[in-house]
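Visitor: This is a predicted model, with the sequence first.
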Amino acid sequence: MDPNHFNYHGQLEDNKNKNALKWAFILITGFMMVEVAGGLITNSLALLSDAGHMLTDSLSLGFSLLALIIGQKEANSKKTYGYRRIEIFAALLNGMTLIGIALIIVVEAIHRITAPPEIASTGMLIVAVIGLLVNIAVAFILNRGKGDNLNVKSAFLHVLGDMLGSVGAITAALIILFFGWKLADPIASMIVAAVISTSGFRVVRESFNIFMEAAPRELSTLIIREKLLEIEEVVDVADLHLWLITSDYPSFTCHVVVAQDADEQAVLRKIQKMLHDEFSLHHMTIQIEKR
């Protein structure tokens, strides 16, 4: 398998991800400042919680962008896989900040349930609608660029949480505006907190699995082993390992025993083609031994 083709494809994906993160960072950071001001003026927790979430988004998008830039550095004799795994560290931090901001929102919401403050619902509604439009635009940008990159996926989940926060703020503003029910503000905030914490746990779990060098969820080592044994010349398969360097960079190694009269190079080509065509594996090391 030509490594230059894989590296070129990976570089194209990285550039697409980098542009998506850059524009998402600019839009989110710009509107976050507007929403903080709107939340303070209207005294809305739903807006402030969404602004707080957008602040973590801004920081996480910036860190994700930095991680992607660092990850593009060439591999060297010390870091033979390069620097791409820093993207998983960025994703882990993003997941943890999602959980952290959810906890802060819940604590403040409980406080406001016991003592609901006055809220300027009209101003809250205007800011929340603008926020929803900005988040939709950012989510569209990130969704086009994310592919299988966990770093960009985690940033995308942050923005989805923001979209939910904006929807929650709009709903709460309408309820307060038409029915005067102030508890709608903290209750909407708690619902959003529950959703974004769930997303955070998923990102943390997936990041942890990559750090533990677990096999990708969509690839079964048992099925791969069975496919290898279906090759006529293959007698046995041992030391099969499949893990992720980053979320979109699976690596594979195994020891294959072939029949005594087998052409080792021909078998190797069969194995490489099968792993590439059926499992989309590019980076592989196959040791072949005759029985």
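Guide: Here it is on my side, so go on. Everything numeric in this text was worked out from a predicted model, so none of it was measured. Residues are numbered from 1 along each chain as shown.
Visitor: packing partners for the helix or strand residue 101 falls within?
Guide: Element membership for residue 101 (DSSP states H and E) is helix 86-114. Counting contacts by 3 or more C-beta pairs under 8 Å, 6 or more residues apart in numbering; DSSP states H and E, helix 86-114 packs against helix 45-71, helix 150-179, helix 184-211. Any C-beta I mention is one placed from the backbone N, CA and C, and that applies to glycine too.
Visitor: where does the residue in the chain sticking out farthest from the centre land in three-state SS?
Guide: In terms of distance from the mean C-alpha position of the chain, residue 261 ranks first, at 47.8 Å (C-alpha atoms, centre = their mean). What DSSP: H, G, I helix; E, B strand; the rest coil gives for residue 261 is coil.
Visitor: returning to what we had before: may I see the helices and strands packed on helix 86-114 organised as CSV, with distance to residue 231 added?
Guide: Below are these laid out as CSV (distance: least, C-beta to C-beta, whole Å):
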stretch, distance to residue 231
helix 45-71, 35
helix 150-179, 32
helix 184-211, 29
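Visitor: what would the ones you listed look like in JSON lines with mean pLDDT and mean neighbour count?
Guide: Output for the helices and strands packed on helix 86-114, formatted as JSON lines (pLDDT from 0 to 100; neighbours: other C-beta atoms under 10 Å):
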{"stretch": "helix 45-71", "mean pLDDT": "72", "mean neighbour count": "24"}
{"stretch": "helix 150-179", "mean pLDDT": "79", "mean neighbour count": "24"}
{"stretch": "helix 184-211", "mean pLDDT": "84", "mean neighbour count": "21"}
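Visitor: Of all the ones you listed, which one is nearest residue 16?
Guide: helix 150-179 (9.2 Å; C-beta to C-beta).
Visitor: Report the angle between the helix holding residue 101 and helix 150-179.
Guide: Interaxial angle of helix 86-114 relative to helix 150-179 (axes from the mean of the first three to the mean of the last three C-alpha atoms, to 10 degrees): 20 degrees.
Visitor: after helix 86-114, next one along is what?
Guide: Past helix 86-114, the next helix or strand by DSSP H and E is helix 121-146.
Visitor: helices and strands around that following helix, which ones?
Guide: Short answer (3+ C-beta pairs under 8 Å, 6+ apart): helix 121-146 packs on helix 3-42, helix 45-71, helix 150-179.
Visitor: And for stretch 220-235, what's in contact with it?
Guide: 215, 236-237, 240, 242, 252, 254, 256-259, 262-263, 266-267, 270-271, 274-275, 278-279, 291 (C-beta atoms under 8 Å, 6 or more residues apart in numbering).
Visitor: Which members of those are positioned in helices?
Guide: If you go by DSSP state H, these have 266, 267, 270, 271, 274, 275, 278, 279 in helices.
Visitor: per-residue confidence averaged over the helix holding residue 101?
Guide: In this model, helix 86-114 has an average pLDDT of 83.
Visitor: which parts of that helix are buried?
Guide: 86-88, 90-99, 101-102, 105-106, 108-109, 112 (16 or more other C-beta atoms under 10 Å).
Visitor: likewise stretch 278-291?
Guide: 279, 281, 282, 284, 288.
Visitor: Is it correct that the first one is in contact with residue 216?
Guide: Same thing as residue 279. No. Counting by C-beta atoms under 8 Å, residue 279 stays clear of residue 216, with 9.5 Å between them.
Visitor: Could you dump the helices and strands packed on helix 121-146 into CSV with distance to residue 144 added?
Guide: Formatted as CSV, the helices and strands packed on helix 121-146 follow (distance: least, C-beta to C-beta, whole Å):
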stretch, distance to residue 144
helix 3-42, 6
helix 45-71, 15
helix 150-179, 10
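Visitor: Pretty sure residue 260 sits against residue 291.
Guide: Yes. Look at residue 260 against residue 291 with C-beta under 8 Å: they come within range, at 5.9 Å.
Visitor: domains of this structure?
Guide: Using the TED database, the domain ranges for the chain come out as 3-212, 221-290.
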